[in-house]
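>>> dropping the sequence and predicted coords here.
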Amino acid sequence: MRESKPKIGVYVCHCGTNISGKVDVEAVSEYASALPHVAIAKNFKFMCSSPGQQLVIDDIRKNDLNRVVVASCSPRMHEKTFRTACQAAGINPYYFQMACIREHDSWVTEDPEAATQKAKDLVRGSVARVAHHQQLTSRVVDINPNVLVIGGGISGMQAALDIADGGKKVYLVERDPSIGGNMSKFDKTFPTLDCAACISTPKLVAVGQHENIEMMTYSEVADVSGFVGNFTVKIRKKPRYVDADKCTGCGVCTEKCPSKVLSEFDHDLTKRKAIFTPFPQSVPNTPVIDTENCLFFKKGKCRACEKFCEAGAIDFEQKEEIVEINVGSIIIATGFETFDPTPLTQYGFGRYPEVYTSIQFERINNATGPTSGKIVTKDGKKPESVAIIHCVGSRDQNYMKYCSRVCCMYSMKFAHLVREKTGAEVYEFYIDIRSPGKGYEEFYNRLQEEGTHFIRGKVSQITDMVDSPEDEGKLMVVAEDTLARKVRRIPVDMVVLSVGLKPAAGIEDIARMVGISVDSDGWINELHPKLGPLATPSDGIFIAGCCQGPKDIPDSVAQGQGAAGAALSLISRGKLEIEAAVSAIDPERCMGCRQCEEVCVYGAISYHPALNICEVNEAICKGCGNCAATCPNKAIDLKHFNNDELLAEMEGLMFGPADFHHGTDEQAA
Amino acid sequence: MKYGFFPGCSYKGAAGYKESTEAVSRLLGIELVEIQDWNCCGATSYWSTQSIEAYVLPARIMALAEKQGLSEIVNVCNACYSTLRKAQEKLAQDNDLNEKVNLALAEEGLKYTGNLNIRHLMEVIVNDLNADDIKKHIKKDLSGFVVAPYYGCQLNRPWADIDDAHYPVLMDRLIEMVGAKPLKNYSAKTECCGAAHMVAHKDLCMPLNNRIVKDAVSKSAQTICTLCPLCQFNVDASQYKSGLPMVPVIFFTQMMGLAFGLSEKDLKLQKLLTPFKLAV
């Protein structure tokens, strides 16, 4: 319902020369001044600037304008700016309409005349539409101050610590038995070569001891419902079969357990027991029983751990638990896993014992790893030569098309460690060396000076076929040296495959639960690649670390801190204004067919069985309009995008001034 | 089971390939209907010239098969197999080329549509037959016979659709099926034998063949099993006067024939350059 006759102000922006370089802005504003209901039409250098906004505000006040059209950039850029200006001048912010004559016109049209004509058309559509706009008011809801962090790697731990230090409650959910993530497996970090454990272990302890952090390890997120400020999350706590309150972490159970299986933490290089903690510094230090390999769970006999546990902490009766928590914001920090090179049969991973993945080599270098940090072959010999193969799985059209960003650097770290620990010759087979980062290129230079051999060429084959007797027992690495322009066959004792990074398994499930998408490679899509790297299209859901794409430790930590800041900023507001352009269901017309519920991707519509109608949760609704378009009974109206408004805009766009006068005058009357 | 059959130029002259293929096919009930009036496929040498003629040669073979109403062409040579497939792929993508090739074929009243399946006999036997239908013919115990499965480089490349490109296992399975032992970790499986380059660049090709032989011998294989006449000839002939330990190189059909109780004479194993003696 409109209270008065529309009185429209139209403002055409030059955007420097972004628009005025193609569009004759004078002609457009002059044209607009003759359109129905238009009281004022002007053009200005930068409408988004402070004087530009002031121009709108002053005109509204002086001339009693009740509608505003700004023809400038995309509404994604500045709709909010001008709505705020309208509000400041005392009119409803939804009495504003934006005509996009930059992204949709000046930037993409070659002919200036055509661009000017298109600008006129777009302005005409907006003027026709704005006359039909209705007053809308947004609602305000409370924000739950708790935050959920999913994933206890370095990024998630950092985010949790920052929020907790800010005085807010954090739930940190980690599906493995211990927090720490991939970084806990490393020995040294590039390019500074400082000890990974020395810098990450204190973080684990700090998280474990923080009074504001409730750690939920060996747990997974099962369901997320609600909306920004008010999420309800169900968490599945897997049974550890060890009572964490009673367990002292003495480790006797692990010692006595007779069942041995390949260690996930050591990437199959060692064996662990069926009751275990992943690594000595695990937080919490409470072991878990792996029921698939526990003799008691498999055969009903053994119970050695129970017999020897002085604290009586073993509890075979533990059951899976679903815990429900309420949070205002969620940070996803699910990280990465390494590429499995088995399908690249030419590299013989799994066939040749001395072919390792890079994450295995991290473990070999680590003091708590299979060789206590010594670089030796499986026969216990010190290698005389080691090949490091870059881009395994990465930059490969058959597997992962992208560059995994960290491999060049960690490969060079390995080269340094091999030279330092064994004095072996190291051959780095690379496609390009990518070392962008503080101190990274310098590290590359240092490696070259240390005598590492850099061979530019993609390795075609790793084989045990040797040509000369002195190479017997070695592996031959075959590659075309593209700088020397010849094929090289280099005999080595060990090969490290620098495997790429891919999203951690289960990332799609998390993304689906919170209503966000992943890209074609499986990484989570951020809100904006440049200006919204930590936010997502779902309000209140933030991302940090490798779940968005491959990252090194400094970037992951920075993102953890950034996401923590974003979450803190959100929850510190206490209250939240909710977008008014949402859909509304007319209960008189709704037949309860529930088709709208099916098409709503945000889960904003629920069915009310007693009344046999559907209802919209305005806090969740994103105003996409799927429901309104689907409703067979036209019971759903999408506010700010109702039929009147859309038809008026279309008529305005399609019909020239002559038709236009006729068409809208009738409707607007 | 009935298949169109393209023998290729080297089939008849290869050491017992024809005899063993015919004998084994008869036993297994595979009917190979030879394409009438076939020509050389051009192999790798002509293919590399990228000339129209290089496409017309394989296209003519396929057009002849189409004329005979055959829907599948079974090959016994890796080069034939890959040349026909490559031609088929190229002609499907390039309308212009397709037109030119068909213009040439029209002189003989032939037409190429490309509506054909190109296959290799070894793959046909493993994929189309039941293991039991193969096993029921076994008359001789080969359980102590270690066979190095040598696939050559052209069977799975570039497609890698019937098997892994670098470490195929189809023939390993066949060797197992007839009761022999496939050599595990045979790294030379898909190494190149040099093909026709052996004639012009013997010095470069000899080391390639030496690798194939040495890897089999050093890992205690008693024979190398091949599925391509040129591979067989190169790997077999290169051992002559090489000074390295020698190993007989047989066709997969000969290996099957041995398991099926056929005599070494029936399978023409005496034609091998490196003498064969089954010692199991």
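Thanks, I have the structure now.

>>> what residues does the stretch 401-550 of chain A put near chain B?
By Cβ under 8 Å from any Cβ of the partner chain, the part of the stretch 401-550 of chain A that sits against chain B consists of A:461, A:463-465, A:467. Every C-beta, even on glycine, is put in place using the N, C-alpha and C of the backbone.

>>> so among those residues, which ones count as buried?
If you count burial by 16 or more other Cβ atoms under 10 Å in any protein chain shown, the buried members of those come out as A:461, A:463-465.

>>> rebuild these as a markdown table, extending it with pLDDT.
Output for these, formatted as a markdown table (pLDDT from 0 to 100):
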| residue | pLDDT |
| --- | --- |
| A:Gln461 | 96 |
| A:Thr463 | 97 |
| A:Asp464 | 96 |
| A:Met465 | 95 |
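
>>> switch these over to a markdown table; also include secondary structure.
Conversion of those to a markdown table gives the following (DSSP: H, G, I helix; E, B strand; the rest coil):
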| residue | secondary structure |
| --- | --- |
| A:Gln461 | strand |
| A:Thr463 | strand |
| A:Asp464 | coil |
| A:Met465 | coil |
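
>>> which of the residues you listed sit farthest apart?
For those, the farthest-apart pair by Cβ to Cβ is A:Gln461 and A:Asp464; their separation is 10.7 Å.

>>> overlap of the contact sets of those two?
Shared between the contact lists of A:Gln461 and A:Asp464 (criterion: Cβ atoms under 8 Å, 6 or more residues apart in numbering or on different chains) are residues A:Met476.

>>> per-domain residue ranges of the chain.
Defaulting to chain A. According to automatic domain parsing, chain A is divided into the following domains: A:8-136+A:643-668, A:147-333+A:511-572, A:337-502, A:581-638.

>>> that's the wrong chain, I meant chain B
Partitioning chain B according to automatic domain parsing yields domains covering residues B:2-121, B:139-271.

>>> just so I know, which of the ones you listed lies nearest chain A?
domain B:139-271 (3.7 Å; Cβ to the nearest Cβ).

>>> please see if that closest one touches chain A.
Yes. Against chain A, domain B:139-271 shows contacts by Cβ under 8 Å from any Cβ at B:164-167, B:185, B:187-188, B:191, B:207, B:210-211, B:214-215.

>>> top of those by neighbour count?
Counting neighbours by other Cβ atoms under 10 Å in any protein chain shown, B:Ala188 leads the residues of domain B:139-271 next to chain A with 27 neighbours.

>>> three-state assignment of that residue?
B:Ala188, by the three-state scheme (three-state DSSP), is coil.

>>> per-residue pLDDT, it?
pLDDT recorded at B:Ala188 is 96.

>>> same check, this time on the one 5 residues further on
The confidence metric pLDDT takes the value 95 at B:Cys193.

>>> tell me the buried residues in the helix or strand of chain B with the lowest mean pLDDT?
Confidence across the helices and strands of chain B bottoms out at helix B:43-47, with a mean of 85, counting by mean pLDDT, DSSP states H and E. Neighbour-count burial for helix B:43-47, with 16+ other Cβ under 10 Å as criterion, is recorded at B:43-44, B:46-47.

>>> where does the chain have low pLDDT?
Picking chain A for this. Low-confidence segments of chain A, defined by pLDDT under 70, span residues A:1-3, A:656-669.

>>> chain B is the one I meant
In the predicted model, chain B carries pLDDT under 70 at residues B:279-280.
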